[in-house]
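Enquirer: The sequence isn't on hand, but the structure is:
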């Protein structure tokens, strides 16, 4: 359970989300989230993990097993990734489309 808790905490920090915000968005108590993060909560359900993953814009697998994708990114890639993850889905999609358009313009 410690890995899941550490992964939840790390992802929450990446997105700048507090335990209180995660609590409000998942319906879980702050106490439970805190216990998850420090590894003292027993047996997190798949439903609970899915709820947390959705709020943290990641997969259950990344929370359970960790992800090295962001660790392998350069500084500016990581900043862009973090900015996109803080946006609502519609805005993030539009920004991504615009960035890809700029990339394609530079190839011509």
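Expert: Cool, the structure landed. Computed from a predicted model, the values in this text were never measured in an experiment.

Enquirer: drop to CA atoms for contacts and neighbour counts, all remaining ones
Expert: Will do.

Enquirer: Got the confidence number for the closest residue to residue 9 other than its chain neighbours?
Expert: Nearest non-adjacent residue to residue 9, counting by CA to CA, 6 or more residues apart in numbering: residue 37, 5.8 Å away. On pLDDT, residue 37 comes in at 91.

Enquirer: dump the residue contacts of residue 37.
Expert: Taking CA atoms under 8 Å, 6 or more residues apart in numbering, we find residue 37 in contact with 2, 4, 5, 6, 7, 8, 9.

Enquirer: Of those, which belong to helices?
Expert: Among the contacts of residue 37, the members falling in helices (DSSP state H) are 2, 4, 5, 6, 7, 8, 9.

Enquirer: Any quick ChimeraX command for the buried ones out of the contacts of residue 37?
Expert: Burial among those is assessed by 16 or more other CA atoms under 10 Å; the matching ChimeraX selection reads:
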select :4,5,6,7,8,9
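
Enquirer: so what are the domain limits for this structure?
Expert: 2-65, 70-107 (automatic domain parsing).

Enquirer: Worst mean pLDDT among those domains?
Expert: Of all the domains of the chain, the minimum mean pLDDT falls on domain 70-107 (a mean of 81).

Enquirer: can you pull the buried residues of that domain?
Expert: By 16+ other CA under 10 Å, the buried positions in domain 70-107 come out as 78, 81, 84, 85, 86, 92.

Enquirer: So the last one sits against residue 80, correct?
Expert: Going back to what we said before, that points to residue 92. No. Using CA atoms under 8 Å, residue 92 is not in contact with residue 80; the gap is 10.4 Å.

Enquirer: those helices in this protein, which residues are they?
Expert: Secondary structure of the chain (DSSP H): helices at 2-15, 19-26, 30-38, 46-55, 60-65, 75-86, 89-107.

Enquirer: Could you measure from residue 64 over to residue 100?
Expert: Using CA to CA, to the nearest Å, residue 64 is found at 31 Å from residue 100.

Enquirer: Contacts only, for the spatially most central residue of the chain.
Expert: What sits nearest the mean C-alpha location of the chain, by CA atoms, centre = their mean, is residue 56, with 3.6 Å. Taking CA under 8 Å, 6+ apart, we find residue 56 in contact with 11, 12, 15.
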